[in-house]
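[1] A predicted structure for the sequence below; I have some questions about it.
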Amino acid sequence: MTVLDDLRGRLVVSCQADPGEPLDDPAHIVALARSALRGGAAGIRAQGLRDLRALRAALPDTPLIGLVKDGTSGVYITPTLTHVLAVAETGVDIVAVDGTRRQRPDGRTLADTVAALRERYDVLVMADVAALADAQAAVAAGVDLVGTTLAGYTGGAVPHDPDLDLVGALAARLPVPVVAEGRINTPEEAAEALRLGAHSVVVGTAITRPAVITSRFAAALVTSRELS
Ligand SMILES: CC(=O)N[C@H](C=O)[C@@H](O)[C@H](O)[C@H](O)COP(=O)(O)O
């Protein structure tokens, strides 16, 4: 069984905390991951070398997708070859990288980055894309799987809903597994992504960001008070 076999048709939970958040501690991230696995997740996605090392040590047999964020805008998801190699070094099964067609900060192409990684590590590469053309270019560059992670995050207001149209479009056209990721907020949306052909589904915020989840409930009460 490969990692991709393990993840087929299954849920991956993204366990990430922004710097300074109460959960920004590897022990908390590992606890989130253990909770997700207990609930039925088949894999974990996480950010940052410190958390990836802690997760790999605590959960050596759990499929792990790793990335590092460098900044919060532009090309910030595992943006350079240096970042890619550092993530691979932590022992993750899949390295997630920016898979858009935007210029990478180190000037390397995605194809060059993937080739240089493969010279050193036996690891899968997931391209986080925003559009069909990104995905097609990323497949040509040699990635192993594609996620809709960056749909809605490359300009303009971030939409409320997941881009399930993109999930379906990628699944219908790409020869590699498609991961549905980004703003999947309900079990029904996750199930719909699979029906549209996704190989697996990544959910983060709706499961592992309690401050955001709380704020949605709190805001609903404010609205309710204003209407009454
Ligand atoms: C756009 C970006 O930077 N996405 C990041 C990628 O790892 C994370 O901040 C998201 O939480 C993750 O993609 C899961 O998505 P959601 O939290 O919407 O379920």
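    Happy to help now that I have it. Numbering: from 1, shown residues only.
[2] contacts, neighbours, all on C-alpha from now
    Noted.
[3] where do the helices of the chain begin and end?
    Using DSSP state H, the helices of the chain run over residues 3-7, 26-38, 49-58, 81-89, 110-120, 132-140, 164-173, 187-195, 205-208, 210-227.
[4] save those as TSV, and put in distance to the ligand too.
    Converted to TSV, the helices of the chain look like this (distance: least, C-alpha to the nearest ligand atom, whole Å):
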stretch	distance to the ligand
helix 3-7	16
helix 26-38	13
helix 49-58	13
helix 81-89	13
helix 110-120	18
helix 132-140	15
helix 164-173	13
helix 187-195	10
helix 205-208	4
helix 210-227	10
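[5] okay, those helices in a markdown table with mean pLDDT, mean neighbour count and distance to Val146 next?
    Formatted as a markdown table, the helices of the chain follow (pLDDT from 0 to 100; neighbours: other C-alpha atoms under 10 Å; distance: least, C-alpha to C-alpha, whole Å):
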| stretch | mean pLDDT | mean neighbour count | distance to Val146 |
| --- | --- | --- | --- |
| helix 3-7 | 98 | 15 | 12 |
| helix 26-38 | 98 | 18 | 22 |
| helix 49-58 | 98 | 19 | 20 |
| helix 81-89 | 98 | 20 | 16 |
| helix 110-120 | 98 | 17 | 13 |
| helix 132-140 | 98 | 19 | 7 |
| helix 164-173 | 98 | 19 | 9 |
| helix 187-195 | 98 | 17 | 14 |
| helix 205-208 | 98 | 18 | 20 |
| helix 210-227 | 94 | 11 | 26 |
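[6] with distance to Arg102 added, can I get the ones you listed in CSV?
    Below are the helices of the chain laid out as CSV (distance: least, C-alpha to C-alpha, whole Å):
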stretch, distance to Arg102
helix 3-7, 27
helix 26-38, 31
helix 49-58, 24
helix 81-89, 15
helix 110-120, 10
helix 132-140, 9
helix 164-173, 19
helix 187-195, 26
helix 205-208, 26
helix 210-227, 29
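[7] could you measure from Leu124 over to Val3?
    For Leu124, the distance to Val3 (C-alpha to C-alpha, to the nearest Å) stands at 9 Å.
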